[in-house]
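> For reference, the sequence and a predicted model appear below.
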Amino acid sequence: MVIEVLLAVLVAELIIYLLSNYHKGFSARIRRTGLNVGLFTLMIDVGKFAGLKVRRFNTVSRIVGFVGIANLISLIALFYWIAIPSLLNIIKSVTSAGVVGESPFVPVVPGVTIKGLSIIYFLLSIAIAIVAHELSHALIAINEGIEVQSWGLGIFLIFPFAYVRIDDESFNKASLSSKVRVLSAGILSNTALAIVVLLLMNYVSGILYQHIAVVICGLDRSLGPDAPAILANIPVPSVINSINGTPIKILSDLRSYLISIANKSTSLVLNVSKFNYLIDDSIVDSIDGYQLIEVYKPSYYPRLGILVVEAYLPSVPKELYYLARAFFWIYLVNISLAVFNAAPLIITDGGRIIDEFLRKYGLRKVSNVIQALTIIIVVVLLITGFVNFI
């Protein structure tokens, strides 16, 4: 159902674009509404800032300037700390073994790399992140005395976004420090939002962890037909309640127990409870009474051959569960957007800040080289990430 709705949105955007370009009557009506139409892009101004004057808060300027630059430098360092070793590993993998190495970046493709209800959480998080980002640009610009003409909402493909229109002439006349504050404010807002949501997520997760179980979601057949779990015919999916009387509540409990017997020949009694459905990370139906499964593990098998995950029991408070998932996606989207926007790319705030700095000292060509190399790194990692995913 989600995929059908998203496809309908794309078809509607394409129809509006074609009609606005090739049907004069429709195009005139669109212009009267104030809607700006591009290929798979719709934008409309919602409010006006033109002529708005406020008293400047110097304390805000100093804090945003200092913290914003510190945040920018940290995120740029984080970006290259992740990207460069990954790129080198990919090159090494391709040149030595002829296979594609792992990439830390996977392109966001709803329905492909993001599926099910996660698409809804993702789109909601995108909307929140971009509103915070653009609103921060506008507020700091106004505080710096830079004219902001309007703000609006839009959609690109299926991704909602917000925007502010900062007057180019007013921005170009501003001092370098004011430009940096305005450009770094969006990145800083996403970082701050990610930190706040992470703290809230950890608090909620602490409550939800009381409703966590370790679930056997599959058997590892790569170990061969004589793997202990396969010979014992362990039911899948099922909850592990205990092993030889030792309670198993979370994955670390299971990991610690299996490490203690890794090189031993031993007989195990698994107390498990069967169920039928596991959707995302939740058990959505009732759990049967327990049954005891005898498993013999020879010393030459370091593993039992079970594939396990942590999942929420049916007793989990649904409101907190959905809230935790929303927090997770808001955190992930905001920290990802902050890191990406800090990277020195042509289209990012980080790229514009570096360009402003280097251009001031006659080093525009250095800025172009940095951004071109960074684009190459990002493209290689994104392509590799998508190839690995599919």
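Great, that's in hand. Bear in mind the structure is a predicted one, so any value in this text is a computation, not a measurement. Numbering: from 1, shown residues only.
> Outside of stretch 241-248 itself, list whatever touches it.
For stretch 241-248, the external contacting residues (C-beta atoms under 8 Å, 6 or more residues apart in numbering) are 214, 240, 253-254, 257, 268-273, 290. (C-beta placed from N, C-alpha, C; glycine too.)
> Quick one: end-to-end distance for that stretch.
6 Å (C-alpha to C-alpha, to the nearest Å).
> Ok, stretch 340-357 next?
Chord length of stretch 340-357, first to last residue, is 19 Å (C-alpha to C-alpha).
> which outside residues touch that stretch?
The contact list for stretch 340-357 (C-beta under 8 Å, 6+ apart) reads 71-72, 75-76, 79, 133, 176, 179-180, 183-184, 186-187, 190, 364, 367, 370-371, 374-375, 378.
> Please repeat the previous calculation with a cut-off of 6 Å.
With contact meaning C-beta atoms under 6 Å, 6 or more residues apart in numbering, stretch 340-357 is reached by 72, 75-76, 79, 179-180, 183, 186-187, 367, 370-371, 374-375.
> would a markdown table of those residues with pLDDT, distance to residue 328 and secondary structure be doable?
Putting the contacts of stretch 340-357 into a markdown table (pLDDT from 0 to 100; distance: C-beta to C-beta, whole Å; DSSP: H, G, I helix; E, B strand; the rest coil) gives the following:
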| residue | pLDDT | distance to residue 328 | secondary structure |
| --- | --- | --- | --- |
| 72 | 92 | 25 | helix |
| 75 | 94 | 20 | helix |
| 76 | 92 | 25 | helix |
| 79 | 90 | 22 | helix |
| 179 | 88 | 34 | helix |
| 180 | 89 | 32 | helix |
| 183 | 90 | 28 | helix |
| 186 | 91 | 22 | helix |
| 187 | 93 | 21 | helix |
| 367 | 80 | 36 | helix |
| 370 | 84 | 33 | helix |
| 371 | 82 | 32 | helix |
| 374 | 85 | 28 | helix |
| 375 | 85 | 29 | helix |
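> possible to save the residues you listed as a markdown table with neighbour count and distance to residue 295?
Putting the contacts of stretch 340-357 into a markdown table (neighbours: other C-beta atoms under 10 Å; distance: C-beta to C-beta, whole Å) gives the following:
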| residue | neighbour count | distance to residue 295 |
| --- | --- | --- |
| 72 | 24 | 54 |
| 75 | 22 | 48 |
| 76 | 19 | 51 |
| 79 | 22 | 46 |
| 179 | 21 | 65 |
| 180 | 22 | 62 |
| 183 | 25 | 59 |
| 186 | 27 | 55 |
| 187 | 27 | 52 |
| 367 | 19 | 62 |
| 370 | 17 | 57 |
| 371 | 21 | 57 |
| 374 | 22 | 51 |
| 375 | 16 | 53 |
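> picking that back up, just the buried ones from the contacts of stretch 241-248, in PyMOL syntax?
Entered in PyMOL, the line below selects the buried ones among the contacts of stretch 241-248, by 16 or more other C-beta atoms under 10 Å:
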select buried, resi 214+240+253+254+257+268+270+271+272+273
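> and of the contacts of stretch 241-248, the nearest to residue 284?
Using C-beta to C-beta, residue 273 comes nearest to residue 284 of the contacts of stretch 241-248, at 14.7 Å.
> if I look at that closest one, how far off is residue 241?
6 Å (C-beta to C-beta, to the nearest Å).
> Okay, and which of the contacts of stretch 241-248 map to helices?
If you go by DSSP state H, the contacts of stretch 241-248 have 253-254, 257 in helices.
> residues in contact with stretch 136-149?
Contacts of stretch 136-149 (C-beta under 6 Å, 6+ apart): 49-50, 54, 56-57, 60, 64, 164-167, 170-171, 174, 178, 181-182, 185-186, 189.
> how about the strands in the stretch 151-300 of the chain?
For the stretch 151-300 of the chain, applying DSSP state E, counting those that start in this stretch gives strands covering 159-166, 212-219, 238-243, 246-247, 266-274, 278-279, 282-283, 290-297.
> quick one: which of the ones you listed is nearest residue 325?
Evaluated with C-beta to C-beta, these place strand 282-283 nearest to residue 325, the distance being 9.7 Å.
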